[in-house]
Each structure stands twice: as C-alpha cells, then as structure tokens.
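In: Build me a model:
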Amino acid sequence: MKISCRILLLISLLQVIACHNPVVFEQTKDINTTAWHKDSIVQMQFVPQDTVKAYDIFFLIRNDNAYPYANLFLIAKMDNGKQTLVDTLEYAMADEKGRWLGSGIWDLKESKLIYKQNYRFKDTIPVKISLQQAVRKSGQILGDETLPGIKTVGIIIEEANK
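Out: Okay, the predicted model is just below:
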C-alpha cells in the first residue's frame, strides 16, 4: 500500500513538472508609494534569444485589499525600436461577490494575467515593455489620478506550449 501511494505521488509530481513552461524572463517592480500614479510607467527590457520559438507573455500584479475595483485597465506597450505595439487591456481582479481572483494568503493577492499567447519575436534586439494604469470610474472621462492597493507590477515570459 505504501509503495503504490509513493508511485502515485511520483507520477503526479512528474506530470506537474512535465506541464511546466520554462520561464525565460521574469522581472518585477514594487510600487514604492501608497498608490500607482497614472503617469508612473513601469518599464522593463527583454532581449529575445530566439525568433522561432513561441512565447506566452504575462503581467504579474500583486494587490492588497486597498485596491478598490473588481477590474484593472492597463495600457501596455511593446517597442523594439522598429515596431511599437500598444494595447489597452482590461483584466478581472475580483469575482461577482468581490473575492479576489489571484492566489495568495491574507490580503495580498498575486494575479498572472495573459498578455500575448504564442507570440513570436521578429528580431533578437532589445524589447521595451511598459505598463501604465488606466483605471477610471464608470462614466468618467478622466482616469483615476492614483490607484491604491497595487503593490507590485511585473512581466513573465515563458516558452509557449507546443
């Protein structure tokens, strides 16, 4: 009985490891103020090593209970000096009952939000990826000046599933 449980555990562990996509880049930046200002652009640089492989690009957001909304709007920009891609994105941060969707314990939650799936870089030149918060209250034209509760913003790039 003990041997079969160990074998089952080993098989389960191997399945988890086999399904894991290798991370090729991960960087985070802490928001060192009480709120993320709308003019504070978080910028990171990545140098692709391969133009054949496909990658999944994620944004990592850590928030606490001071975050006042159920969703998050971001302006994402990817620029390699030859081409610039700009996207306005919306992500759900809480469910309809107000429970945070991210993982974590107590009041700090971490959300891994997909940005680009199966993306291929065209060149092996540095790519600047920048994020800016673009949250606004419903019905308002101007965005929120500051966004409380966001503690960390990051980028994760993984090899895509084949």
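
In: Could you check the pLDDT of I7?
Out: Per-residue pLDDT puts I7 at 57.

In: how about the nearest residue to the residue nearest the centre of the chain, chain neighbours excluded?
Out: With distances taken as Cα atoms, centre = their mean, F59 lies nearest the centre of the chain, 1.4 Å away. The shortest distance from F59 to any non-neighbouring residue, by Cβ to Cβ, 6 or more residues apart in numbering, is to L113 (4.6 Å). C-beta coordinates here come from the backbone N, C-alpha and C atoms, glycine included.

In: before we move on, which element is that neighbour in?
Out: strand 109-119 (DSSP states H and E).

In: and the angle from the helix or strand just after that strand to strand 109-119?
Out: Following strand 109-119 in sequence order, the next helix or strand is strand 127-133 (DSSP H and E). Between strand 127-133 and strand 109-119, the angle comes out at 140 degrees (axes from the mean of the first three to the mean of the last three Cα atoms, to 10 degrees).

In: Distance from the chain centre to strand 127-133, please.
Out: 11 Å (Cα atoms, centre = their mean, to the nearest Å).

In: Which elements pack onto that strand?
Out: Judged by 3 or more Cβ pairs under 8 Å, 6 or more residues apart in numbering; DSSP states H and E, the packing partners of strand 127-133 are strand 42-46, strand 71-79, strand 150-159.

In: State the mean pLDDT of it.
Out: Strand 127-133 comes out at a mean pLDDT of 97.

In: Partner strands of that strand, with direction?
Out: The strands beside strand 127-133 in its sheet (DSSP bridges) come out as strand 42-46 (antiparallel), strand 71-79 (antiparallel).

In: C-terminal to the worst-scoring helix or strand of the chain on mean pLDDT, what's the next element?
Out: Of all helical and strand segments in the chain, the minimum by mean pLDDT, DSSP states H and E falls on helix 2-18, at a mean of 54. Per DSSP H and E, the first helix or strand lying C-terminal to helix 2-18 is strand 23-30.

In: Pull the residues that contact that following strand.
Out: 42, 44, 46, 49, 55, 60, 62, 151-159 (Cβ atoms under 8 Å, 6 or more residues apart in numbering).

In: which pair in the residues you listed spans the largest distance?
Out: In terms of Cβ to Cβ, these reach their longest pairwise distance at Q49 and K151, which sit 30.3 Å apart.
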